[in-house]
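A.B. asks: here is my input, please return the structure:
(chains A and B)
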Amino acid sequence: MIGKDLLQLRGMSRETITTILDTAEQMREVGRRRVKKVPPLRGRLVVTLFFENSTRTRTSFELAAKRLSADTLSFNVSTSSTAKGETLMDTARTIYAMQPDAVVVRHPCAGAPHMLARSFPWRVLNAGDGIHEHPSQGLLDMLTIRDRFGSLEGRCVAIVGDVQHSRVARSNIWGLTTMGARVLVAGPGTMCRAELAGLPVELRHTIDDVVRDADVIMLLRIQHERLGRGVLPSPREYASFYGLDMARLRTAGPGVMVMHPGPINRGVEIGADVADSDQSVILDQVTNGIAVRMALLYLLLGSAGEPTGESPAVGAAHVAD
Amino acid sequence: MSRVLDASGMALAIDRLAEGLLAGLRGGWPAGPTAIVGIRTGGVPLADRLRARAVAAGIPAPARGGLDITLYRDDLYTGLEKPLVGDTDLPFEVTGCGVVLVDDVLFTGRTIRAALGELHDFGRPSWVRLCVLVDRGHRELPIQPDLVGVVVRTQLKDRVTVDWQRDEVWLRPEPGASESGSSESGARRATGGPDDR
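C.D. replies: A predicted model of the protein is given here:
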């Protein structure tokens, strides 16, 4: 039902998303136990393979794997072998030779996880590929929204910021609309334009236009690495036109929920007081992230047979599907 | 499909269990805090009825709990579709508590092994007793019940199900069991029955 890998939310069915979120709710209960560990992935190896720096996503996946009793191994490639000139496939072959059952991949190029999924029989979980998708983030955001409203159907979610370059936004847009939510988008013209044409969203130009109608305001991090490329004049200008401060938050409905995938830039996309307000669910998102990743690992691993016991021909471009 | 117990037979079986339970709670078992814990899904309605009997008999109400053993199963990797995980809820201090584990049907004993494993991840119970409505035999592990409502003779591939709406126990011979020896666990899973696994 869920398939071999988790690569993207685009095209994922409503039933599959519901199963993942329901399972995540049960996994959250494990996180409330005194012994926060259950045995289903005992003896399994989960590798995190990150070609971009990330602490929170990687540690969240590792903690999720550990709570299911899997072993974890972390490859931070941005500081190791690629710096020495190794190709993605060679790195992958090396890791494959260690016989992992699943690999969690983050890569600056869209489609890199798809290639690793096609080339080896391991399970691949996309932890962010370029500006394409970040499906586990989309799922944890949906779980957080569902917790509050009971259902995603008919909810109005505003995504504010650099939507065009955001894999978080893309995963949320596909997942939320599949679940029957409406997605509004606002941001500077350089960050929300032509690329969005094919996405099922309603584009508005000012943050005030979306805050008014939203049940949920999802703020995206301003990626400082993109500043100075003609995309954005300055963080200060962004804050005054698109930052969510208290004054803007007051124009929203009383039950509005403020989300942010982190790490936050206080005073830029989110006012310091907004980040600490009762409306902010940023820390719930972190807790839900562990539960969603536990659900994904549980559902993906083992549903199709024994752990990879035999030693495969390393380097052979093994096609699993 | 044949009916093993009708509503009156079921009432008798539950009476038998309640009698044993009350004797245990009144001093047959070590004193101290106790809990009645149903194994999901079939054990929960039985646990609730037995607990109600204890309360009606004036025994200090034992704590109530439910265990979902999915994450502790020993057959998660047999190539079948992943079973969905249900609620586990033990709202009491397990360490030092006496626990009466309750299930509807006892079969291979594997569910009970899983339940014991999960229970011990919550704490160290001072003792555990096992109470089942139906013992259908074919144990694969050294696990025996302390209290049994009814013993039913079955073939290995039969299915035994408890209908808690109508208070009936049904036995369905596995169709074509003699031809396909490998379909056993798959067929049992596919129907999602509450029997032992």
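
A.B. asks: and for the residue nearest to residue B:43 when sequence neighbours are not counted, the neighbour number?
C.D. replies: Spatial nearest neighbour of residue B:43, chain neighbours left out: residue B:103 (4.0 Å); criterion: Cβ to Cβ, 6 or more residues apart in numbering or on different chains. Just so you know, the C-beta spots here come from the backbone N, C-alpha and C atoms, and that holds for glycine as well. Counted with other Cβ atoms under 10 Å in any protein chain shown, residues neighbouring residue B:103 total 30.

A.B. asks: list the residues that contact the nearest residue to residue A:257 once chain neighbours are set aside.
C.D. replies: Spatial nearest neighbour of residue A:257, chain neighbours left out: residue A:216 (4.8 Å); criterion: Cβ to Cβ, 6+ apart. Residues near residue A:216 by Cβ atoms under 8 Å, 6 or more residues apart in numbering or on different chains: A:145, A:155, A:156, A:157, A:158, A:256, A:257, A:258, A:259.

A.B. asks: how close does the first one get to residue B:87?
C.D. replies: Right, the one you point to is residue A:145. According to Cβ to Cβ, to the nearest Å, residue A:145 and residue B:87 sit 22 Å apart.

A.B. asks: quick revisit: what is the nearest of the contacts of residue A:216 to chain B?
C.D. replies: Among the contacts of residue A:216, residue A:145 lies closest to chain B (Cβ to the nearest Cβ), at 21.3 Å.

A.B. asks: and that closest one, which helix or strand is it part of?
C.D. replies: helix A:135-149 (DSSP states H and E).

A.B. asks: also residue B:162?
C.D. replies: Here residue B:162 sits within strand B:159-163, counting by DSSP H and E.

A.B. asks: listing partners with orientation, what would you give for that strand?
C.D. replies: Strand B:159-163 has the following sheet partners, assigned by DSSP bridges: strand B:168-172 (antiparallel).

A.B. asks: may I see the buried residues of the partner strand?
C.D. replies: By 16 or more other Cβ atoms under 10 Å in any protein chain shown, the buried positions in strand B:168-172 come out as B:168, B:169, B:171.

A.B. asks: return the distance of that strand from the chain's centre.
C.D. replies: 15 Å (Cα atoms, centre = their mean, to the nearest Å).

A.B. asks: what residues does it touch?
C.D. replies: With Cβ under 8 Å, 6+ apart, strand B:168-172 has contacts from B:1-7, B:9-10, B:133-134, B:150, B:152, B:154, B:158-163.

A.B. asks: select from those residues every entry located in helices.
C.D. replies: Using DSSP state H to define helices, the subset of the contacts of strand B:168-172 located there is B:7, B:9, B:10.

A.B. asks: so which of the contacts of residue A:216 comes closest to residue A:230?
C.D. replies: residue A:158 (25.6 Å; Cβ to Cβ).

A.B. asks: show me what contacts that closest one?
C.D. replies: Counting by Cβ under 8 Å, 6+ apart, residue A:158 has contacts A:183, A:184, A:185, A:186, A:210, A:211, A:213, A:214, A:216, A:217, A:218.

A.B. asks: any chance of a ChimeraX selection covering the buried ones in those residues?
C.D. replies: This is the ChimeraX syntax for the buried subset of these, where burial follows 16+ other Cβ under 10 Å:
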select /A:183,184,185,186,210,211,214,216,217,218
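
A.B. asks: that's all I had, so thanks and see you.
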